[in-house]
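**Q** My questions concern the predicted model and sequence given below.
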Protein chains: 2
Amino acid sequence: MNDQRRNGQNEAAAGGRPTLKTIAFMTGLGVTTVSRALKDAPDIGEETKKRVQLVARQVGYRPNRAGVRLRTGKTNVISLVLNTDEQLMGFISDIIYGVSEELASSSYHLILTPYSSRNDPMDPIRYVVETHSADGVIISQTEPNDPRVRYLTEHGFPFATHGRTHTGIEHPWHDFDNHAFAMQAVRALVAKGRRRLALLAPSPKLTYYRHMSDGFAEGVEEQGCAAIPFRDAWVDMPVEQIKAAATALLRRSTPPDGLVSGSGAGAFALVAAIEERGLQLGRDIDIVTKQSTPLVQMFRPQILVVNEDFRLAGRELARAVRASIDGAVPASLQTLAVPDGVEAPRP
Amino acid sequence: MNDQRRNGQNEAAAGGRPTLKTIAFMTGLGVTTVSRALKDAPDIGEETKKRVQLVARQVGYRPNRAGVRLRTGKTNVISLVLNTDEQLMGFISDIIYGVSEELASSSYHLILTPYSSRNDPMDPIRYVVETHSADGVIISQTEPNDPRVRYLTEHGFPFATHGRTHTGIEHPWHDFDNHAFAMQAVRALVAKGRRRLALLAPSPKLTYYRHMSDGFAEGVEEQGCAAIPFRDAWVDMPVEQIKAAATALLRRSTPPDGLVSGSGAGAFALVAAIEERGLQLGRDIDIVTKQSTPLVQMFRPQILVVNEDFRLAGRELARAVRASIDGAVPASLQTLAVPDGVEAPRP
DNA sequence: CTCAAAAACTGTAACGTTACAGTTTCCATT
DNA sequence: AATGGAAACTGTAACGTTACAGTTTTTGAG
């Protein structure tokens, strides 16, 4: 009698989506048992586990995220922190897709935490940590002495960065080997007979500026050719400005005959400046550029390209934060994508 | 005595982040009163509200999302459903940024729900509805008879679409006026003396294929010029294929002298095909293209462009879902972005 | 001064989950 | 037959919030 009344209350659950209570009622087990059976706990009988899991599947049980989160504190969310000011960062979508791919088979949801350069880049980081709105974060545009890395480390908050730092902190990261890229680029240009090279590098405040510049310098030294400074132009500025700077560069008394572009978009600006000046790609001058989509290459087959796989970056970053959340040591979560080499001009 | 012991228990809250209990303890009020004071309920005294809100600010109180979500069922999340197969959908990042901008000032978080064309596009939609992992969804790549729109409507689940449908269902949407775009493009080309026009349209399965094609046809009729079919090529296929199709088109006995491209990336393929054929842009042939970044235009100043603002689209979509969640009627949540007109070639 | 009604405030329960501390059942030893 | 212990299962409480149904206090009318 008493039991019947108790069970009667459970019928309430029949209305919405199934909960542990629903399954407990259907199997005649306790809620705790059901919970433990579903997570394959050792103190539940094999027979029972099978039965519970079967019923759970039949009724389409999905754990209520709010319940889990409230009880355990685990959000099952990974936050990707993005700077929304970037205009030409088309590859960002590839990173996002890569992260998504990796998280698809997990229980994690991906949330985007945007910020504008007009505000403090620390704001979104502090927000996530303070409100614990995610279990881990992915950040990009890392700087040599990145305060976000310090903050996250100090707070023991799991994260992974796209790009390394010089903080002296061992933290999870994924990076493209821009040093190798620049060296390969220089070698390829020299092999084509170019002797006066210039590099369109990223903004000096970013870590990979150093890597790319150093690689370039090392390549130039190794090959014994001339490096012509590409002043006041970075890959992350508006293409019009890059083009203007490139035009100025080409007007010098000793213009470069080989250019290296640190981004796919930058290459367009360089090509535009070159052709406007009446020079011919492949004859008067050559370009090696990074590319993430075959846009430039299809357009100007003479261009030399090195592929950078941003989907891979997204996957690696997601994997790294996930492992970091699970307690892996940072030093084991650092991956460097080595470029395949310079792709020859298309026929 | 009894009271003292009770309050003593509250000290536990001092450890982590502040909760309603913390504020209740600090102000000597009940938890309920604090909760109501913070949401400006009418049955709380002005004096008390001020005091509570002050303390809340001082201790940096932020409502626990899991608590709210568990109790009220509201997730404070909006899901953006994305097809991760698209390679060249660089503008997707602009939509994302637009959505972010609009949600930044609200309590909503943005979560990304990806899917691959290899699976059923309904999967992510069903997932969100069944698990109630968001309060509303934004979907793109709408088709005339989109099953997702039917499903969401039937389930009374708030959503907004990027692109209209022909379902006969009044639902929230934002769209770019591709009909107007195509007509403007035709007029601009005719004004330049072009008489044989071809359109690089989107995939026929998408709703806006109709809009753009109809606009093109109407323009051609109005201007009394010839429409040359652009066979087997759509803006959403790999650029190499577009280029190949364009090359074939230009080899016809009566090739077009004016091209309309439904996407910025497509324009690159067209320019490549044109120049490879030895034709000169602005002299032998003209192109009108949609663009979201000034890449093409900077590169080939002769090109005619119509701007499409994807950030705006993101903002409008976010606004629409939000309003839809708040119960606004769908018919009031439909916005059409009318193109500014064709931008003249740059000097 | 009384009393009704309005204003201001509060305790309890519940959302769905899991950690913890049991309790019951069953079996192998003595 | 008693007993110790392992195996299998369960109830309670708590995470932080809010709806609901109160209770206390204040106010104003008579």
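**A** Cool, got the structure.
**Q** can you list the weak-confidence ranges in the stretch 201-347 of chain A?
**A** A:346-347 (pLDDT under 70).
**Q** Point me to the residue of it nearest DNA strand C.
**A** Nearest residue of the stretch 201-347 of chain A to DNA strand C, counting by C-beta to the nearest atom of the strand: A:Asp326, 14.6 Å away. No exception for glycine: its C-beta is placed from N, CA and C like everyone else's.
**Q** Tell me how far that residue lies from B:Tyr97.
**A** Shown here: A:Asp326 relative to B:Tyr97, a distance of 31 Å by C-beta to C-beta, to the nearest Å.
**Q** just to revisit the earlier point, can you count the residues close to the residue of the stretch 201-347 of chain A closest to DNA strand C?
**A** A:Asp326 has 10 neighbouring residues, counting by other C-beta atoms under 10 Å in any protein chain shown.
**Q** Same check on the one 4 residues further on?
**A** Burial of A:Pro330, expressed as a neighbour count using other C-beta under 10 Å, amounts to 18.
**Q** Same check on A:Cys225?
**A** The number of residues near A:Cys225, taken as other C-beta under 10 Å, comes to 18.
**Q** Over to it: give its phi and psi.
**A** phi -120, psi -180 (degrees, to the nearest 10).
**Q** Was I right to think it contacts A:Lys192?
**A** No. The pair A:Cys225 / A:Lys192 is not scored as a contact, 11.5 Å apart, by C-beta atoms under 8 Å.
**Q** got the residues of the stretch 151-300 of chain A near chain B?
**A** Within the stretch 151-300 of chain A, the residues that sit near chain B (C-beta under 8 Å from any C-beta of the partner chain) are A:239-240, A:243, A:265, A:268-269, A:271-272, A:293-295, A:298-299.
**Q** Tell me the one of these nearest A:Ala66?
**A** Each of these was scored against A:Ala66 by C-beta to C-beta, and A:Thr293 proved nearest at 39.6 Å.
**Q** State whether the closest one is indeed within a strand.
**A** No. Per DSSP: H, G, I helix; E, B strand; the rest coil, A:Thr293 lies outside any strand segment and is coil.
**Q** Compute the number of surrounding residues for it.
**A** Count around A:Thr293 with other C-beta under 10 Å applied: 19.
**Q** name the element A:Thr113 belongs to?
**A** Assessed by DSSP states H and E, A:Thr113 sits inside strand A:109-115.
**Q** for A:Leu259, helix, strand, or coil?
**A** Once three-state DSSP is applied, A:Leu259 turns out strand.
**Q** can you count the residues close to it?
**A** Using other C-beta under 10 Å: A:Leu259 sits among 30 other residues.
**Q** residues touching it, list them.
**A** A:Leu197, A:Ala198, A:Leu199, A:Leu200, A:Ala246, A:Leu270, A:Ile285, A:Asp286, A:Ile287, A:Val288 (C-beta atoms under 8 Å, 6 or more residues apart in numbering or on different chains).
**Q** measure it to A:Phe216 for me?
**A** Distance from A:Leu259 to A:Phe216, by C-beta to C-beta: 11 Å.
**Q** who touches both of the two?
**A** In contact with both A:Leu259 and A:Phe216: A:Leu197, A:Leu199, using C-beta under 8 Å, 6+ apart.
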